[in-house]
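# show me how the following folds:
(chains A, B, C and D)
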Protein chains: 4
Amino acid sequence: MIETMAGWLAPGELEQARAQMPILYVEAVPVRVDDSGEVTRIGLLLRIALDGAVSRMLVSGRVLHHERVRDALLRHLEKDLGPVALPRIPASLQPFAVAEYFPTPGITPYHDPRQHAVSLAYIVPVTGDCRPRQDALDLVWFTPQEASSPLVQQEMPGGQGVLLKQALAHVGCLS
Amino acid sequence: MIETMAGWLAPGELEQARAQMPILYVEAVPVRVDDSGEVTRIGLLLRIALDGAVSRMLVSGRVLHHERVRDALLRHLEKDLGPVALPRIPASLQPFAVAEYFPTPGITPYHDPRQHAVSLAYIVPVTGDCRPRQDALDLVWFTPQEASSPLVQQEMPGGQGVLLKQALAHVGCLS
Amino acid sequence: MIETMAGWLAPGELEQARAQMPILYVEAVPVRVDDSGEVTRIGLLLRIALDGAVSRMLVSGRVLHHERVRDALLRHLEKDLGPVALPRIPASLQPFAVAEYFPTPGITPYHDPRQHAVSLAYIVPVTGDCRPRQDALDLVWFTPQEASSPLVQQEMPGGQGVLLKQALAHVGCLS
Amino acid sequence: MIETMAGWLAPGELEQARAQMPILYVEAVPVRVDDSGEVTRIGLLLRIALDGAVSRMLVSGRVLHHERVRDALLRHLEKDLGPVALPRIPASLQPFAVAEYFPTPGITPYHDPRQHAVSLAYIVPVTGDCRPRQDALDLVWFTPQEASSPLVQQEMPGGQGVLLKQALAHVGCLS
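Alright, predicted model coming up:
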């Protein structure tokens, strides 16, 4: 979730802003759907830390100054899934959830030690070929049942596992 | 909006049911979207009555016994827009509105002289070629501004114009 | 969930309708909220069968002919929680979920052996005193954590446990 | 919409942040509802500028660092409507709309010359006595029909009239 946006905020300025106000994020749950719109698979980014710890993540990132929410969604999906993922950005900006990540754990189910981030969360069907870029090793597709299993949930840091279950609930796939 | 579903309900039975309980409908607002998901056009079915009266309509129809809502949506979209419209049925069944059509006018903005119908309304991007079938003459694409204009609104019977404005409001295109 | 609505449908007629079309229901998840709107408790109706089996249920019932969805919600809440529960019916009819109960198990997470019912589900804060009537023994208030526990979930028949978890996800209380 | 939050951001710092990132806002549409939840009145704040220009506004304000969205909603409602308005903050944080106010007009229907603000918008029933404070002269209650009339709409700056119509559409009161 590291961002270097030359020309937008110098690193020091971003740190300063993070200490002073909530930072607006978007999050996307990439899904495969069948012809009737039913979710068949959920895509999670795989990252392996230097110490070998596995973590799985949703597509996520900041909304920039003078950037529309839907453009931020598109930009982060392209950044994380590659240029030919063909994401279907929703026609309505009504999110299925608003996730509030606090630097202090326990206030909400979401936690981000770096900052107070408020994230608009969307379910985004992708129909193309996903080729993770940046620091993600891979994008792995899970069935709804696998995605809500304890095994996957425990690999999702900061409460993203809860957000994923909210997404599954929203599309009627939480068992 | 006439349906003949051989094997489901005999005409007399449907009449009887309509007099006794609310009938479940789905309605779809077909839209064209750009890469960022923003709605650029709204598709309305054109019908011309025997007396020359023009009416414009959303895609609409009953949910049948033992049929899923998403399958009813797909069926009515294919019925009204043809087999290659490529509708993107939403992943979530949460409708943007629930429209209650009463046989008595004035209870809600919606009115259906034949029956008490309760309709789950969805916005459905279509990417393919639309070839209206059945009793519709044509599918005409309007800009959001045109779609909410008095000219178009007055051609939409039974309160579907109100439902269309609700759809435009939901996607942030109501001016 | 037994209803006797003299003057609406004779028992035989209701049976006939149930075999022919989806029946429209409303479901309400009664909750207690604090001043900031956060859900603190979920209310579940307790029923004990003749064989001693315990089941817990949401408020649920049919929408009648010529009845508005919001009036059906109010009627069933008063029927199940008593006249002084003071339910806060939502201003918007947009449900948090649409639950499709099929007579055949496995098509969706919801199952009703009697009929194909399609239910609009709402979260309804209640502020007054709840005095269950009809065939319910009691209304028991659970914390969000208790409500999603396996113990409570297994006592909720027909997939209402899944719907309850969807409600908890929608209000950000699913852990 | 002026805020002086001693201890949070010095005036210069807020200016700096506003030039660098989107600022998170909440907006509330105060409404009166009847027992069935139907909206009967919409409350708009009245402000008269030094030059005599009348403007009408929704409840609106920033989300502060380490403040929950629901606490920000409550704080701004109390600030604008007084301590005994008894607002019913929604149980779910899913907003009915996300309004993007850009410093450049025309990108969205919303415009704020001071900043790029992204606002989560909620409908909030209030049951108590409203006594506007701060720089608002009065809170005036309108019927849904009056609220969407050109007369009221033209008195709402920055696109808040559009947001109000979206709110009316969401509760089924847009004619």
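
# got the phi/psi numbers for A:Leu74?
With angles defined as degrees, to the nearest 10, A:Leu74 sits at phi -60, psi -40.

# contacts only, for it.
A:Pro87, A:Ile89, B:Asp35, B:Ser36, B:Gly37 (Cβ atoms under 8 Å, 6 or more residues apart in numbering or on different chains). Using the backbone N, CA and C atoms, a C-beta is placed for each residue, glycine as well.

# now the fourth one: how far from A:Arg68?
Put plainly, it is B:Ser36. 7 Å (Cβ to Cβ, to the nearest Å).

# right, and the pair among the contacts of A:Leu74 with maximum separation?
Pairwise distances across the contacts of A:Leu74 (Cβ to Cβ) peak at 9.9 Å, for the pair A:Pro87 and B:Ser36.

# between the two, which is the more surrounded one?
Using other Cβ atoms under 10 Å in any protein chain shown, the more surrounded residue of A:Pro87 and B:Ser36 is A:Pro87, with 24 against 16.

# residue contacts, that one?
A:Ala28, A:Pro30, A:Leu73, A:Leu74, A:Leu77, A:Glu78, A:Leu81, A:Val124, A:Pro125, A:Val126.

# tell me the pLDDT of the fourth one.
Read that as A:Leu74. Here the pLDDT value assigned to A:Leu74 is 98.

# would you mind checking the contacts of A:Pro87 for buried ones?
Buried residues within the contacts of A:Pro87, defined by neighbour count using 16 or more other Cβ atoms under 10 Å in any protein chain shown: A:Ala28, A:Pro30, A:Leu73, A:Leu74, A:Leu77, A:Leu81, A:Val124, A:Pro125, A:Val126.

# before we move on, back to that, how about the contacts of A:Pro87 in CSV, adding secondary structure and distance to C:Arg133?
CSV is the format used below for those (DSSP: H, G, I helix; E, B strand; the rest coil; distance: Cβ to Cβ, whole Å):
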residue, secondary structure, distance to C:Arg133
A:Ala28, strand, 46
A:Pro30, strand, 47
A:Leu73, helix, 48
A:Leu74, helix, 53
A:Leu77, helix, 51
A:Glu78, helix, 57
A:Leu81, helix, 54
A:Val124, strand, 45
A:Pro125, strand, 45
A:Val126, strand, 50
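
# between those, which is closest to A:Gln145?
Among the contacts of A:Pro87, and counting by Cβ to Cβ, the member closest to A:Gln145 is A:Pro30, at 17.3 Å.

# isn't A:His111 up against A:Ala117?
No - using Cβ atoms under 8 Å, A:His111 is not in contact with A:Ala117; the gap is 10.0 Å.

# same drill for those two, tell me which one is more crowded.
More crowded of A:His111 and A:Ala117, by other Cβ under 10 Å: A:Ala117, with 23 against 17.

# now the more buried one: phi and psi?
Dihedral angles (degrees, to the nearest 10) for A:Ala117: phi -110, psi 140.

# any idea what it is bridged to?
Beta-bridge partners recorded for A:Ala117 (DSSP bridges): A:Ile23, A:Tyr101.

# so which bits of chain A are right by chain B?
A:31, A:33, A:35-39, A:68, A:70-71, A:73-74, A:88-94, A:96, A:123, A:125, A:170-172 (Cβ under 8 Å from any Cβ of the partner chain).

# in a helix, A:Ile107, correct?
No - in this structure, A:Ile107 is coil, not part of a helix, as judged by DSSP: H, G, I helix; E, B strand; the rest coil.

# and it, what's its pLDDT?
94.

# same question, A:Gln134
66.

# kindly confirm my reading that A:Glu146 is in a helix.
Yes - assessed with three-state DSSP, A:Glu146 lies in a helix.

# which residues of chain A fall in strands?
A:23-33, A:39-48, A:54-57, A:59-62, A:97-102, A:110-111, A:117-125, A:138-142 (DSSP state E).

# bridging across strands, which residues link to A:Ile48?
Counting by DSSP bridges, A:Ile48 forms beta bridges with A:Val54.

# low-confidence stretches in chain A?
Within chain A, the set of residues satisfying pLDDT under 70 comprises A:1-11, A:13-14, A:134.

# for chain A, which residue gets nearest to chain C?
The nearest approach of chain A to chain C comes at A:Ala169, 3.5 Å away (Cβ to the nearest Cβ).

# mind listing what that residue touches?
C:Ala97, C:Lys165, C:Gln166, C:Leu168, C:Ala169, C:His170, C:Leu174.

# if we go to 6 Å?
C:Gln166, C:Ala169 (Cβ atoms under 6 Å, 6 or more residues apart in numbering or on different chains).

# identify the residues contacting A:Arg70.
Contacts of A:Arg70 by Cβ under 6 Å, 6+ apart are A:Ile89, B:Ser36, B:Gly37.

# the second one is in contact with A:Ile89, isn't it?
Yes - B:Ser36 is in contact with A:Ile89 according to Cβ atoms under 6 Å; the separation is 5.4 Å.

# one step back: need the strands of chain A in JSON lines with distance to B:Phe142, can you?
Formatted as JSON lines, the strands of chain A follow (distance: least, Cβ to Cβ, whole Å):
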{"stretch": "strand A:23-33", "distance to B:Phe142": "27"}
{"stretch": "strand A:39-48", "distance to B:Phe142": "31"}
{"stretch": "strand A:54-57", "distance to B:Phe142": "41"}
{"stretch": "strand A:59-62", "distance to B:Phe142": "33"}
{"stretch": "strand A:97-102", "distance to B:Phe142": "32"}
{"stretch": "strand A:110-111", "distance to B:Phe142": "41"}
{"stretch": "strand A:117-125", "distance to B:Phe142": "25"}
{"stretch": "strand A:138-142", "distance to B:Phe142": "38"}
